[in-house]
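S.K.: sequence? don't have it. structure:
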């Protein structure tokens, strides 16, 4: 069967959680044929894959949000829009929830205009926007409103106008633009759609927008509502929504996804690969702390460094190894190095991209200081390797370390600390450094929990049967 | 527009009739001053020739030569002038002061090169003597230079300098010819007269050039003007200029062709029609003056307000209000302008019937004059509406309308070519175009938001609000 995976800003352009998840999923299902619909930000990324594309991938369809720059613009046209079309577009512009997505898809893909820009420069669009502003945004500077909305709609329209490969199942790995594309696939070919949400896309966008300098105060709300609107498209169209842990399910329900659609399917890890890894040498008197992490701001490496600085004062024989690529955000990496230098922290190493398995066995404690996470693979890896974890209270970290009713393993596999709190994080690390018994115990609990609830096989089995059942249902319809 | 605008406002703000009169005189001086100087000079020279009993032949050659030089220099420069006006105003707006002088000299070179072609052909194929051909050629080329200079000096709002340059030049021409006439008396030649005129315009051209050098000479010599890039961007302006320039003289050419005669096998003329045109044109001077006053004191502030609210973060409601106010003022001012001009046109007709026979008008000529007064009334309104469309950057509309104006003139001139319809073709063509132009203006005003916003290119790098076309 053919499965079209729709990925936005991840596979195959960046390494990390969602991308490696997709890669593992595809590799583990050689009996299915996959198509990747990859949505990137900039045209210049075209063809720059960070993964070796598996043999069962038939096609990687690349589209970029900045493609409009290549279009010729022509203004002055006028198209007569039906009332339903006007309403649908207006709902999109104002971020309403009661959208008629199918009408909107039909409208956006219409042949009346050759390019998206032609439509966005038409009288109908302008009149609609002015009308909306008179009704709802009569306090906002109109010129900025005009440019803001145009830059909001343009990538959306460009994407929706793309030709979509035909497949038996459309599987989006986030809401947002990817969710819209998968919904479009369902609409065009009447095929089932599956949505797997690792983090909560709209929440992540919201956080980003709140912090962003490029959006002026009064337009933040508009952008945020727009992304919630996009998320709704996916929630509405999906036949099945998958989330990784309980807390995210609650958020999805709050955002309007019907509970009946949501299944919790945690990530899985190939646990046997983490057994009997090269360990610490007998004469090694140091305490090894490690982090399996990309050096990027969202992982909050700076807090990690501050914590280790505190740890080092209490545990002089501690070392810290940051295992992961640092070329994604060179500026941030440089700042981290400066911080290390400034604090005079010793025994801290950035390894760059490495085979984690060669290192993790030697570690005594694994740390994760992320500001935002879904279900971090790093924690699962640590648990599979039987290592205790200190993690911030984000995503499913608490659920992974403290357990839930479903996994059937009692006890803690590590310690949870507040986000951005280097003192608490340091305290947790020190506690583990000073108590070998606790480290061993927590490592064991983690290992058991992975075997019970987070294996690769369980995860693949679930998706395989879900694909099959969707195909059957899709065929029945 | 600041220069003349502030000046006029200050004058209009003054109490009493004296202030008003002063304001209107000032506006008259700067707007129609140059045109009046030329017409006055030609009239005075004509009167001098009659007074001194100068022979008929040189008088005729002089009259025809001067009007040919005017007509053809104007037509050949109007496409260039139209879009140089825009590109200079862009350069000023973008503060690219270093580019102005190089742009002036390159435009001048190109225009002169183009203008040379018809002049050369004329010189080659007409039997006129070399003695007359040379000053006529010089006069024509000088006028080409002057029309382009006027664009640049006007861009600096130095309208007074333009008026002074023309008054000075024409003064010199009249003085020169006066001396010539009293020196040579009956033996005066056409070439002498033409040289006198050329001498006067030489002074005008030099005065204007010195102003341009004074305004635009900057410290560092700039990169040459990218003529071709701008030419492509404002291609439509080039055609608008060409069409309007041709339309202005088409009715006269048609008369020359259908009802004219040959002078020296060189100039095709239609003396009775040409004289009627000469006087009828004077009747629209009030419109030219009042248009400037009304644009500067009433319309432009509202126009500015609209674009300020667009650029300066106005909400949709602010922009709506600004547009409506501007529309109200524009319609009010247009109505007022038409009313004022109508009164003056009627006065001109009455005065024409009364007085023109005294200077030798036949009744057929008076009839032609009357219809021409009404034709110029409609024609000037059409031109003003075209200009307003360019204020709103409606190049497409202006292009279509200027093409319509030319086409209508051609068709009407053909249909109404009989001598009894003299003057009617211009009237018929202009009124047709005026109706279309007014409809377009109203349409553009109503859809101004859309045109202002949606004509913008999509990519941020090219983004920027439209810069209004300067009149």
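M.R.: Sure thing, it's come through. Model, not experiment: these values are computed from the prediction.
S.K.: Could you pull out the buried residues of the one helix or strand residue B:23 maps to?
M.R.: Using DSSP states H and E, residue B:23 maps to helix B:16-51. Using 16 or more other CB atoms under 10 Å in any protein chain shown as the test for burial, helix B:16-51 gives B:23-24, B:26-34, B:36-39, B:41-42, B:45, B:48-49. (C-beta placed from N, C-alpha, C; glycine too.)
S.K.: other SSEs contacting it?
M.R.: Contact analysis of helix B:16-51 by 3 or more CB pairs under 8 Å, 6 or more residues apart in numbering or on different chains; DSSP states H and E lists helix B:2-13, helix B:56-93, helix B:159-184, helix B:190-216, helix B:271-282, helix B:285-294 as its packing neighbours.
S.K.: out of these, nearest to chain A?
M.R.: Of all those, it is helix B:56-93 that lies closest to chain A, at 18.0 Å by CB to the nearest CB.
S.K.: just the angle between that closest one and helix B:159-184, please?
M.R.: Angle, helix B:56-93 to helix B:159-184, by axes from the mean of the first three to the mean of the last three CA atoms, to 10 degrees: 160 degrees.
S.K.: list the helices and strands helix B:56-93 packs on?
M.R.: On a contact count with 3+ CB pairs under 8 Å, 6+ apart, helix B:56-93 meets helix B:16-51, helix B:97-125, helix B:130-155, helix B:190-216, helix B:227-233, helix B:235-259, strand B:261-263, strand B:267-269.
S.K.: Chain B contacts on chain A?
M.R.: Residues of chain A lying close to chain B by CB under 8 Å from any CB of the partner chain are A:68-69, A:71, A:73, A:75-76, A:117, A:120-123, A:125-127, A:130, A:133-134, A:137-147, A:150, A:154.
S.K.: Hmm, residue A:343 is touching residue A:305, no?
M.R.: Yes - assessed by CB atoms under 8 Å, residue A:343 is found in contact with residue A:305 at 6.9 Å.
S.K.: For residue A:123, give me its contacts.
M.R.: Counting by CB atoms under 8 Å, 6 or more residues apart in numbering or on different chains, residue A:123 touches A:76-78, B:447, B:450, B:454.
S.K.: 10 Å instead?
M.R.: A:75-79, B:447, B:450-451, B:454 (CB atoms under 10 Å, 6 or more residues apart in numbering or on different chains).
S.K.: Residue A:361 too?
M.R.: Neighbour list for residue A:361: A:274-280, A:288, A:385-387 [criterion: CB under 10 Å, 6+ apart].
S.K.: can you rerun that using 8 Å?
M.R.: Residues in contact with residue A:361, defined by CB under 8 Å, 6+ apart, are A:277-280, A:385.
S.K.: sorry, back to before: of residue A:343 and residue A:305, who's got more company?
M.R.: Legend: neighbour count by other CB atoms under 10 Å in any protein chain shown for residue A:343 and residue A:305, higher for residue A:305 (21 against 15).
S.K.: before we move on, the earlier item: redo the helices and strands packed on helix B:16-51 as JSON lines? Include mean neighbour count and mean pLDDT.
M.R.: Output for the helices and strands packed on helix B:16-51, formatted as JSON lines (neighbours: other CB atoms under 10 Å in any protein chain shown; pLDDT from 0 to 100):
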{"stretch": "helix B:2-13", "mean neighbour count": "16", "mean pLDDT": "60"}
{"stretch": "helix B:56-93", "mean neighbour count": "20", "mean pLDDT": "88"}
{"stretch": "helix B:159-184", "mean neighbour count": "19", "mean pLDDT": "91"}
{"stretch": "helix B:190-216", "mean neighbour count": "21", "mean pLDDT": "91"}
{"stretch": "helix B:271-282", "mean neighbour count": "20", "mean pLDDT": "89"}
{"stretch": "helix B:285-294", "mean neighbour count": "22", "mean pLDDT": "87"}
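S.K.: what's the closest of those to residue A:37?
M.R.: Closest approach to residue A:37 among these (CB to CB): helix B:56-93, 44.4 Å.
S.K.: hey, what's whichever residue of chain A sits closest to chain B bridged with?
M.R.: For chain A, the residue closest to chain B is residue A:141, as judged by CB to the nearest CB, at 3.6 Å. Bridge pairing for residue A:141 (DSSP bridges) gives the partners residue B:315.
S.K.: give the contact list for the closest residue to chain A within the stretch 301-450 of chain B.
M.R.: Going by CB to the nearest CB, chain A is nearest to residue B:313 of the stretch 301-450 of chain B, at 3.6 Å. For residue B:313, the contacting residues are A:141, A:143-144, by CB under 8 Å, 6+ apart.
S.K.: Could you grab the helix/strand/coil label for it?
M.R.: Counting by DSSP: H, G, I helix; E, B strand; the rest coil, the backbone at residue B:313 sits in coil.
S.K.: any idea how far the residue of chain A closest to chain B lies from residue A:222?
M.R.: Using CB to CB, to the nearest Å, one gets 12 Å for the distance from residue A:141 to residue A:222.
S.K.: okay, those two: which has more neighbours?
M.R.: Using other CB under 10 Å as the criterion, residue A:141 and residue A:222 rank with residue A:141 on top: 23 against 20.
S.K.: remind me which residues of chain B are low pLDDT?
M.R.: Applying pLDDT under 70 to chain B flags residues B:1-16, B:221-231, B:457-471.
S.K.: sorry, back to before: need the max-distance pair from the contacts of residue A:123.
M.R.: A:79 and B:451 (17.2 Å).
S.K.: Doesn't residue A:409 belong to a helix?
M.R.: No - applying three-state DSSP, one finds residue A:409 to be coil, outside a helix.
S.K.: How about the backbone phi and psi for it?
M.R.: Torsion angles at residue A:409 (phi, psi; degrees, to the nearest 10) stand at phi -120, psi 120.
S.K.: so can I have a markdown table of the helices and strands packed on helix B:56-93 showing distance to residue A:422?
M.R.: Output for these, formatted as a markdown table (distance: least, CB to CB, whole Å):
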| stretch | distance to residue A:422 |
| --- | --- |
| helix B:16-51 | 74 |
| helix B:97-125 | 56 |
| helix B:130-155 | 64 |
| helix B:190-216 | 63 |
| helix B:227-233 | 57 |
| helix B:235-259 | 64 |
| strand B:261-263 | 100 |
| strand B:267-269 | 96 |
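S.K.: Out of these, which gets nearest to residue B:440?
M.R.: helix B:235-259 (13.3 Å).
S.K.: what about the strands in the stretch 201-350 of chain A?
M.R.: Applying DSSP state E, counting those that start in this stretch to the stretch 201-350 of chain A gives strands spanning A:240-243, A:262-264, A:287-292, A:318-323, A:348-352.
S.K.: and residue B:113, how far is that from residue B:76?
M.R.: Using CB to CB, residue B:113 is found at 11 Å from residue B:76.
S.K.: Find me the pLDDT at residue A:66, would you?
M.R.: With respect to pLDDT, residue A:66 scores 82.
S.K.: wait, doesn't it sit right on residue A:46?
M.R.: No - using CB under 8 Å, residue A:66 is not in contact with residue A:46, being 10.9 Å away.
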